[in-house]
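S.K.: Structure for the following, please:
(2 chains)
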Amino acid sequence: MAKVTLCTDWLDVCSGCHMSLLDIDEGLATLFGSVQLLSSPITDLKHPPIEGADVGILTGSVSNDHQEEVARRMRERVRILVSMGDCSVFGGICTMRNFFNVEDVLRHAYVETDSTAPNQAVPRSPEIAKLYPKVRPLREVVKVDYYIPGCPPSAKAIAYVVTELASGREPAWTEDLLRYG
Amino acid sequence: MPDVRVTIDGIEISVPSNSTVLEAARRAGVNIPTLCDHPAIEPIGACRMCLVEIEKQRTLQPACTFPVFEGMVVQTRSEKVVGARQFVLQLLFSERNHFCMFCQMSGSCELQNLAYDYELDHWAFERPMPKFEVDASREFFAMDHNRCILCRRCVRVCDELVGNGTLGMRNRGADTMIIADLGVPFGESSCISCGTCLQVCPTGALMDRASAYMGATAQIERVKSTCMACPVGCGEELVVRDGRVIRVEGDWEAKPNNGLLCVRGRFDPLHDRRDRVRKPLVKQNGEWVAADPNAALELVSGKLAAAGDKVATIASGFVTVEEGKALADAVKGNKYYMYALPPAGNTATVADLDRADLYVAVGIDLAEDYQVAGMAVKRGVRKRGARLVLVGNAGEGMAKWAARQLCCDDLAEAAKLIQAAEHPLVIAGPEGLEAANGLVAAAPQARLLSFAPGGNGRGLVEAGYAEAFAGQAADVYVVAAGETANVDQCLLDALKKGAFVVVLASYAAPWDGVADVILPMPTSLEKSGTTVSVDGVLSPVAAAMHTRVGSLQDTVAQLAEAVR
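M.R.: So this is what the prediction gives:
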């Protein structure tokens, strides 16, 4: 039987969700018996292939135009999209900047902090992604099929959902798998 | 009340006709989730978590407020009900800013637990993300409006149980805010920081500074004990993690406090800033030196032996019955209670405060001392229309609840009011006792509830400390202080008069100014024993906190050993 193909990527994150993915440890060997990882931020191949994949996992919130593009590209190329981690599912800690004006946030970060050297400016290079005024959870940008909340989700929860999807079953929340924070 | 028959999830049950659907369901063993409901206060149907489907009712109804009727058929787990509860949870999570990942209540939060139960793996609505401040203007606990779900439990306990009426709501709908008084910071309001609101808050909106992040539900255990700070003798639950008490809560099942505590009982034990005594301290050439335990005990036993019967033992209200007896057995000489003796002539109990229609407070400030009794007076005034009359110096704290304030020499007027009342209760402190006795004699229906300082006064009187200390001379003073900070200057002055002074204390202050030797003594969180309340009820004090400080009984035994 052909393996189920999987792509992962991260948006506005601390990368903890992918650390939790790695925390599946030796379970990854079992998982990769039925799942083939095509791309992820922690492998050589970073982008989901144009031919598409069965399952995509996105972690992190959508905070700038680059992240929106990454999210849309993943959505287009995978059959099932999983939103993983509190930032991706709810907006999480990243949304705390929604309480402030984005220009104030940039000025504070690049100009006003105590650790900033004098005469610094907010970087405005066209190559740098533009921050959106508000941080959004993934589901406000693209259609999401499944959610794994948690900060980060436990390795057990990630392994469970991926295994169920790879087997063509509907994941159902049991015991202590569903956790926020 | 005649019974009616109702069917809940197919279970037929007969319940009193004044029951709510929630009460009936609990009797039938059917679990209905709740958030705003709390057993100690009246239901208001604010949160809508308890919605159920009732046959012949047009819409879903809140179980907590809906009364049962004969032949009622209720579904609590239908698809419609579960969907509605999920919708309610979605709304609660979306309205304000709920960040479980750094909330101190994650793992102990009623809102979070319900979201797990109802498998909310995302929130369906866009969040408005309103910006709210955190009010940290109170010393012991803070309010984060971001996590508030407007269940009004805090408002209701402050009104119904504490009788303080500090909390209320401003605005309506999504703009509703919990406020203190007319919208002032909590720390500047009429709040008395009793922390009852903190204890009932279902989310992380009210946060305790001492126990925040110190242990979630799965990591803690609860030990029942009795507060020794005053003779009301409130039952408490010590919240313990890894042998450390992280929080003190009122025990809902305990009498006479029924779950309430005052600011002193709840917060003092964990916020005492005085230097702890962990090893024997001996004063040498005006300096305090940590002494070898045996040397310190030998010094003390030598002084005791030399003094013969000219020893005075003084016990504070923090000394348990068992400690008092052990000390009385081991040390010769006179036994004194540190404060005014607890009065023997009470004809009313603390529970009677909830039945009186007239309170006459004489020489007692119930807003400052014996606060849980004061709360009963406040709620009697607010909820039952009882009247409070303050006689003489009764402090300003209760003035807001008082119908009249009389001068000390206006006892005749007070007596008239008592004679006219059905259930008058005269409440007195030591200074007001004489006048209070006169007032009680004025009418046969009048009853007396008087208080004297110190938690275990009655237990210690029974244990032989039957005289109040008033400067009686001795060659050696043995003071069993525990953690008391309520120390009269007269006592300190008497101890300074040249006698040898040994203090058994949990904290050095104020004893380091008068003692020659300070021996460590466990706090009431660290020792087990019993204490006797103003009502004469013997209650357990439980050792919930690990300590290396030996028990007073051990210290006394070692002293006896050193004498030989």
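S.K.: how about the residues of chain A that lie near chain B?
M.R.: Those residues of chain A that sit near chain B, judged by CB under 8 Å from any CB of the partner chain, are A:83, A:86, A:89-93, A:95-96, A:98-99, A:134, A:137, A:139-140, A:144, A:146-149, A:151, A:173, A:178-181. All C-beta atoms are positioned from the backbone trio N, CA, C, and that covers glycine.
S.K.: give me that answer again for 6 Å
M.R.: Residues of chain A lying close to chain B (CB under 6 Å from any CB of the partner chain) are A:Asp86, A:Val89, A:Asn98, A:Phe99, A:Tyr147, A:Pro149, A:Cys151, A:Trp173, A:Leu178, A:Tyr180, A:Gly181.
S.K.: Could you find the lowest-pLDDT member of those residues?
M.R.: Scanning these for pLDDT, the low point is A:Gly181. It has 87.
S.K.: Now do the same contact list for that one.
M.R.: Each residue near A:Gly181 by CB atoms under 6 Å, 6 or more residues apart in numbering or on different chains is listed here: A:Cys151, B:Cys100, B:Met101, B:Ser106.
S.K.: so what's the first one closest to, chain neighbours aside?
M.R.: Using CB to CB, 6 or more residues apart in numbering or on different chains and skipping the chain neighbours, the partner closest in space to A:Cys151 is B:Met101 (3.7 Å).
S.K.: Now do the contacts for that neighbour.
M.R.: B:Met101 neighbours (CB under 6 Å, 6+ apart): A:Asp86, A:Cys151, A:Gly181.
S.K.: helix, strand or coil for it?
M.R.: When classified by DSSP: H, G, I helix; E, B strand; the rest coil, B:Met101 comes out as helix.
S.K.: ok, it to A:Gly60 distance?
M.R.: According to CB to CB, to the nearest Å, B:Met101 stands 14 Å off from A:Gly60.
S.K.: quick one: the strands in chain A?
M.R.: Using DSSP state E, the strands of chain A run over A:4-10, A:35-39, A:53-59, A:62-64, A:78-84, A:131-136, A:146-148.
S.K.: Can I get the ones you listed in CSV including mean neighbour count?
M.R.: Output for those, formatted as CSV (neighbours: other CB atoms under 10 Å in any protein chain shown):
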stretch, mean neighbour count
strand A:4-10, 23
strand A:35-39, 19
strand A:53-59, 25
strand A:62-64, 24
strand A:78-84, 23
strand A:131-136, 18
strand A:146-148, 25
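S.K.: Quick one: those strands as JSON lines, columns for distance to B:Met49 too.
M.R.: Listed next are the strands of chain A as JSON lines, based on distance: least, CB to CB, whole Å:
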{"stretch": "strand A:4-10", "distance to B:Met49": "35"}
{"stretch": "strand A:35-39", "distance to B:Met49": "39"}
{"stretch": "strand A:53-59", "distance to B:Met49": "31"}
{"stretch": "strand A:62-64", "distance to B:Met49": "31"}
{"stretch": "strand A:78-84", "distance to B:Met49": "26"}
{"stretch": "strand A:131-136", "distance to B:Met49": "28"}
{"stretch": "strand A:146-148", "distance to B:Met49": "22"}
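S.K.: B:Glu462 is nearest to which of the ones you listed?
M.R.: Closest approach to B:Glu462 among these (CB to CB): strand A:146-148, 62.8 Å.
S.K.: Can you name every helix or strand that that closest one contacts?
M.R.: Using 3 or more CB pairs under 6 Å, 6 or more residues apart in numbering or on different chains; DSSP states H and E, the elements in contact with strand A:146-148 are strand A:78-84.
S.K.: Give me every residue in chain B lying close to chain A.
M.R.: B:Cys100, B:Met101, B:Ser106, B:Tyr116, B:Glu119, B:Asp121, B:His122, B:Met129, B:Lys131.
S.K.: Show the buried residues in these.
M.R.: Buried members of those, scored by 16 or more other CB atoms under 10 Å in any protein chain shown, are B:Cys100, B:Met101, B:Ser106, B:Tyr116, B:Asp121, B:His122, B:Met129.
S.K.: wait, which of those residues is closest to B:Ala295?
M.R.: Using CB to CB, B:Ser106 comes nearest to B:Ala295 of those, at 50.4 Å.
S.K.: Checking that closest one next. Helix, strand or coil?
M.R.: Three-state call for B:Ser106 (three-state DSSP): coil.
S.K.: is it true that it touches B:Asn113?
M.R.: No: with contacts counted by CB atoms under 6 Å, B:Ser106 stays clear of B:Asn113, the gap being 10.4 Å.
S.K.: which stretches of chain B form helices?
M.R.: Counting by DSSP state H, chain B has helices at residues B:21-27, B:79-95, B:110-117, B:153-156, B:196-200, B:263-267, B:293-307, B:321-330, B:371-384, B:411-420, B:433-440, B:457-462, B:489-495, B:552-563.
S.K.: Same check on chain A?
M.R.: So, for chain A - with DSSP H - the helices run A:16-22, A:27-34, A:65-77, A:86-90, A:102-107, A:155-166.
S.K.: This completes my enquiry, with thanks.
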